[in-house]
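K.L.:
Need coordinates for the following:
(2 chains)
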Amino acid sequence: MSPELQLLIVTVLFLGLLMAGMAVPFAITIPALLYLLMQGGVQALNSLGLVTWGSMNSFVLTTVPLFMLMAEILSASGLSTRIYGGLEKLVAKLPGGLLQTNIAGCAIFASVSGSSIATAASIGGVALPQLISRKYNRALAAGSLAAGGTLGILIPPSFPMIIYGTFTETSVPKLFIAGVIPGLIMTALFMLYVAAHVMISPSVAPRETGPRSFGEFIRAVVDVAPFFVLILVTFGGLYFGVVTTTEAAVIGCILSIVLGVTLGDLTLSGFVRAMHNTIYFSGNILFLILAAYIFSVALSFGGVGEKVTAFIVGLHLSKFEFYIALLILFTILGCLIESLGMIVITVPLLFPVLSSYGIDPILFGVVLVIFIELGQISPPIGINLFVIQSIWDGKLSEVVLGTIPFHIIMFIVLGLVIFWPDLALWLPARMSN
Amino acid sequence: MHVASPPRKTESLVTPPTEHIVDAMREERRQRVLPEGPVEWTCKVLSEIALLVMLVLIAVDIATRWLFNFSFEVSDEVGGYMLVVITFLSLSACLANGSFHEVEFVQAQLAPRARAASRLVFGMLALAASALLAWQFVRLELSSWRFGDVAPSYLQTPLWLPRLPMAIGMLALCFTIVRTLLADLRRLRQPPGAGGA
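P.N.:
Okay, the predicted model is just below:
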C-alpha cells in the first residue's frame, strides 16, 4: 500500500469516527495507532510506553487539574453566583443593563476559569432566569452569554493555552499574559456593541437601576472583591515573576478555599463535589492530550509533519495569505471538531511552518485561541451554543442568531491582533522572568 | 421515558441543529452514563487523593521557600507523578460518567437502535486501542521493574512505582469499556419502543 493511500485511509477513518460521534480522544488515538501499525507493524508501537510516560509526567500540565479545582471551588462556594449579583449593581446602569453584567461577569469569571464552557455555564446559569423574567431580548441575552463565555479561554488562565504551550514548549505564563490585552479589547467591544444596540433599539433591554444606597454599593463591591483578590494574587504574581504557573494555580486553589469558607458557603460536601467535577473535567482534557501525543508520534513516524511543512512552505504564501488560509481551515474545523481537539490535531502540523513566516509562537497561540473561540459559537457543534441552550430550554436558533454580531467582533479582534502583534506581545515582553 | 423524535435524513451539517436534535443529544448523553462500579469509584478516589497530594505538596514547598528560603526539591518530581496518577486513573471514572467530549450531531439524528449499534462498534474499537496501550504500558512496567530503572532525581524513585498507574489505569479503562459494551448490547436487544435505547 502506498504511503499516500495509508494516509488517506487514516484521515478518512479519523474524520469518520469524529463525525460519527466517537469520543474525541479515542477518535484521535485509533487512527494514530492504525497508522503506526501500517508504517512499522507491531514494532512501531514499542515506543508508546516511554513516549506516554515522558509526555504525561509533566509538571507544567499539573496546572490543568489545579486551575480546574480553583474554578470548581468558587462555584461550589457560591461565590461565582454572588459575583453576578454584585456586578448587576455596579454595571447594570450602563445601556444594556444586565446584558453588560453578562459580559463583565464572563470576563471576570474567565480570570479564574480556564474553560469557556465553565464560564458560559456559571454566568449563564445565574443570568438567564433574570434576563427572561425581566423581558430582555432573548437572542441578544443568549448571544451575549454564549459569546461572553468564550472569553474564558482568552483571558488567563486558559486550558487551550496550557495545551498549546506544552506541545510547542512555548512559555505558558507568557501565553497567559499575551491573552490579557486582546481579552480586554474583546470585552470592551462586546460591551460597546451591546450599548450601541440598546441605544438604537431601546426595546431590547429594560432600563436598570444601580445601587440604591451606599450600603448596597459596598455590598456589591464585597461580592465582586474576592475575584479581584484572586486575580491580583495569582496573575499579579505570575506577571511579576514571583510565582510559576503551577504555583499560581496552587495559591489560587488555597485562596479559593479560604474565600469560599469565609465569604462563601463552602462546605465539606461542596468541596468533595468540586473534587469529583475536577477529576471528570481534567480526566477528559488529559486524555485528549495523551491522544494528541500518540497522534504526534504517528505523524513523526510516517514523516507526515515534514511533508505537510514542505507542502505549505512550497505554496509560497505571503504572511497575510497564510493567515487567510488558517482562517478558512479553522472555520471549517470549527464546524466539525471540538475546540481542544482542533488544537491537538493542527498544532503539530502547523507549528513548524511558523518560523518560515516569521510568526511569533506566542502571537500564534493567541490567534489560535481566538480561532477556537469562534469555533465555540459556530453552528452546528459550537459547544457554548448548547451550554446556553441547555440552561434556558429556549430555542437554539435564538442563541445562534444572537451570537452573529459577536462573531463579527471576534473577527475584528482577530484582525487587530494579526496586524498589530504588539497587542499580544507587548505585555509578555515586559514580564519579569 | 422520552424517546427522540424521528431523525431527519436530509439535515445539512451547516444548518443549526433543530430543537428535537438537541433533545435527542441530551437523552443520548443521559443514556451514556453508567452507574459507577467499585473499579470506577476506586480509580476516582485515588485520582482525588493524588490531586490533594499535589496541592498540599506544592503549597508546602511554596510556604517553606518563602518563609525559610528552603525547598524540599521534590514537588516538581512528585507533582509530575501525581499528574500521571490523575491522567490514567481518572479514565475509567470519566468514561462511566460520560465525560469525554464527543461530536453528538450525527448521533442525535440516528434512530435509537442505530445509535446503540454505532456505540457498540465504537466500544469495540476503543477496547482494541485501549488494550494495545495497556499491553505497551504493562511491558514498560515490567521492563522498569526488571532493569531497576531509577529516576535521575533527588528522590531516585524506582520508576516502576510511578509508572504503575499507567498500566492499572488503562486496564481499568478496558474494564469500563467492556461494561459499556454490555450496556449497549442490552439496549440493542431491547425491542423497539421499549425505552432506554
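K.L.:
State the helix or strand in which residue A:219 lies.
P.N.:
helix A:214-239 (DSSP states H and E).
K.L.:
what's the single longest helix in chain B?
P.N.:
Scanning chain B for the longest helix, with DSSP state H as the assignment, gives helix B:112-147.
K.L.:
can you pull the buried residues of that one?
P.N.:
The neighbour-count check on helix B:112-147 (16 or more other CB atoms under 10 Å in any protein chain shown) flags B:112, B:115-120, B:122-123, B:125-127, B:129-130, B:132-138, B:140-141, B:144 as buried. C-beta here means a position set from N, CA and C on the backbone, and glycine is covered the same way.
K.L.:
what's the angle from the next helix or strand after it to helix B:112-147?
P.N.:
As assigned by DSSP H and E, the chain's next helix or strand after helix B:112-147 is helix B:160-189. Using axes from the mean of the first three to the mean of the last three CA atoms, to 10 degrees, the inter-axis angle of helix B:160-189 relative to helix B:112-147 is 160 degrees.
K.L.:
Alpha carbons of stretch A:376-383, in CSV - could you do that?
P.N.:
What follows is stretch A:376-383, C-alpha atoms only, in CSV (Å, rounded to 0.1, in the frame of the first residue of the first chain):
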residue,chain,number,x,y,z
GLN,A,376,-17.1,27.5,20.1
ILE,A,377,-20.0,29.7,18.9
SER,A,378,-20.2,28.3,15.3
PRO,A,379,-23.1,26.0,14.4
PRO,A,380,-23.6,23.1,14.2
ILE,A,381,-21.3,22.0,17.1
GLY,A,382,-20.2,25.2,18.8
ILE,A,383,-20.3,24.0,22.4
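K.L.:
so how far is that stretch off the chain centroid?
P.N.:
Offset of stretch A:376-383 from its chain centre (CA atoms, centre = their mean, to the nearest Å): 13 Å.
K.L.:
now swap in stretch A:385-405 and tell me
P.N.:
18 Å.
K.L.:
Next: stretch A:232-251.
P.N.:
Worked out by CA atoms, centre = their mean, stretch A:232-251 lies 19 Å from the chain centre.
K.L.:
List of residues touching it?
P.N.:
Stretch A:232-251 is contacted from outside by A:59-60, A:62-63, A:66-67, A:70, A:111, A:156-157, A:162, A:172-173, A:176-177, A:252, A:255, A:427, A:431-433, B:55, B:58-59, B:62, B:79, using CB atoms under 8 Å, 6 or more residues apart in numbering or on different chains.
K.L.:
can you rerun that using 6 Å?
P.N.:
The contact list for stretch A:232-251 (CB atoms under 6 Å, 6 or more residues apart in numbering or on different chains) reads A:62-63, A:66-67, A:172-173, A:177, A:252, A:431-433, B:58-59, B:62.
K.L.:
same deal with stretch A:110-125?
P.N.:
Stretch A:110-125 is touched from outside by A:67, A:71, A:74-75, A:80, A:105-106, A:109, A:145, A:149-153, A:155, A:157-159, A:230-231, A:376, A:383-384, A:387-388, A:391, with contacts defined as CB under 6 Å, 6+ apart.
K.L.:
Then stretch A:275-293?
P.N.:
A:25, A:28-29, A:55, A:64-65, A:68-69, A:72, A:340, A:344, B:44, B:47-48, B:87, B:90, B:94, B:97, B:99-100.
K.L.:
Give me the subset of those lying in helices.
P.N.:
Going by DSSP H, the helices hold A:25, A:28-29, A:55, A:64-65, A:68-69, A:72, A:340, A:344, B:44, B:47-48, B:87, B:90, B:94, B:97 from those.
K.L.:
Enumerate every residue touching residue A:269.
P.N.:
By CB under 6 Å, 6+ apart, the contact set of residue A:269 is empty.
K.L.:
Wasn't it part of a helix?
P.N.:
Yes. The assignment for residue A:269 (DSSP: H, G, I helix; E, B strand; the rest coil) places it in a helix.
K.L.:
Look up how far residue A:276 lies from it.
P.N.:
11 Å (CB to CB, to the nearest Å).
K.L.:
in the worst-scoring helix or strand of chain A on mean pLDDT, what counts as buried?
P.N.:
Here the helix or strand of chain A ranked lowest by mean pLDDT, DSSP states H and E is helix A:383-392, holding a mean of 75. Residues A:383, A:384, A:385, A:386, A:387, A:388, A:389, A:390, A:391, A:392 are the ones in helix A:383-392 that count as buried (16+ other CB under 10 Å).
K.L.:
Now do the helix or strand following that helix: everything it contacts.
P.N.:
Beyond helix A:383-392 on the C-terminal side, the first helix or strand identified by DSSP H and E is helix A:396-419. Applying CB under 6 Å, 6+ apart, the contact partners of helix A:396-419 are A:138-140, A:142-143, A:146-147, A:182, A:185-186, A:189, A:193, A:323, A:366, A:370, A:373-374, A:377, A:379, A:385, A:388-389, A:423-424, B:16, B:22.
K.L.:
so who does the residue nearest in space to the middle of chain A touch?
P.N.:
The centre of chain A sits closest to residue A:153, judged by CA atoms, centre = their mean, with a distance of 2.5 Å. With contact taken as CB under 6 Å, 6+ apart, residue A:153 is in contact with A:116, A:160, A:369.
K.L.:
And residue B:75, by the same measure?
P.N.:
By CB under 6 Å, 6+ apart, the residues touching residue B:75 are B:57, B:58, B:61.
K.L.:
Is the closest residue to chain B within the stretch 1-150 of chain A part of a helix or strand, or is it coil?
P.N.:
Closest to chain B within the stretch 1-150 of chain A is residue A:49: 3.1 Å, counting by CB to the nearest CB. Of the three states, residue A:49 takes helix under three-state DSSP.
K.L.:
what's the distance between the residue nearest to it when sequence neighbours are not counted and residue A:151?
P.N.:
Excluding the flanking residues, the one nearest residue A:49 by CB to CB, 6 or more residues apart in numbering or on different chains is residue B:140, at 3.1 Å. Separation of residue B:140 from residue A:151 (CB to CB): 41 Å.
K.L.:
picking that back up, in TSV: the contacts of stretch A:232-251, plus neighbour count and distance to residue A:100.
P.N.:
What follows is the contacts of stretch A:232-251, written out as TSV (neighbours: other CB atoms under 10 Å in any protein chain shown; distance: CB to CB, whole Å):
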residue	neighbour count	distance to residue A:100
A:62	26	36
A:63	28	31
A:66	28	31
A:67	29	27
A:172	25	31
A:173	23	31
A:177	23	26
A:252	28	26
A:431	16	31
A:432	9	34
A:433	6	38
B:58	26	38
B:59	16	37
B:62	19	37
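K.L.:
Which of the residues you listed sits closest to residue A:85?
P.N.:
Nearest to residue A:85 out of those is residue A:252 (CB to CB; 22.1 Å).
K.L.:
near chain B, which residues of chain A?
P.N.:
Neighbours of chain B within chain A, by CB under 6 Å from any CB of the partner chain: A:18-24, A:26, A:29-30, A:33, A:45, A:48-49, A:53, A:56-59, A:61-62, A:65, A:247, A:250, A:253-254, A:275, A:279-280, A:283-284, A:286, A:338, A:379-381, A:396-397, A:400.
K.L.:
So what's the residue count around residue A:165?
P.N.:
By the criterion of other CB atoms under 10 Å in any protein chain shown, residue A:165 has 24 neighbours.
K.L.:
related to what we said a few turns ago, packing partners for the longest helix of chain B?
P.N.:
Here helix B:112-147 touches helix A:24-40, helix A:48-56, helix B:160-189, going by 3 or more CB pairs under 6 Å, 6 or more residues apart in numbering or on different chains; DSSP states H and E.
K.L.:
what do you get if the cut-off is 8 Å, keeping everything else the same?
P.N.:
If you count contacts as 3 or more CB pairs under 8 Å, 6 or more residues apart in numbering or on different chains; DSSP states H and E, helix B:112-147 packs onto helix A:3-20, helix A:24-40, helix A:48-56, helix B:160-189.
K.L.:
quick one: which of the ones you listed is nearest residue A:223?
P.N.:
Shortest distance between residue A:223 and the helices and strands packed on helix B:112-147, using CB to CB, is found for helix A:24-40: 37.0 Å.
K.L.:
All good on my end, thank you.
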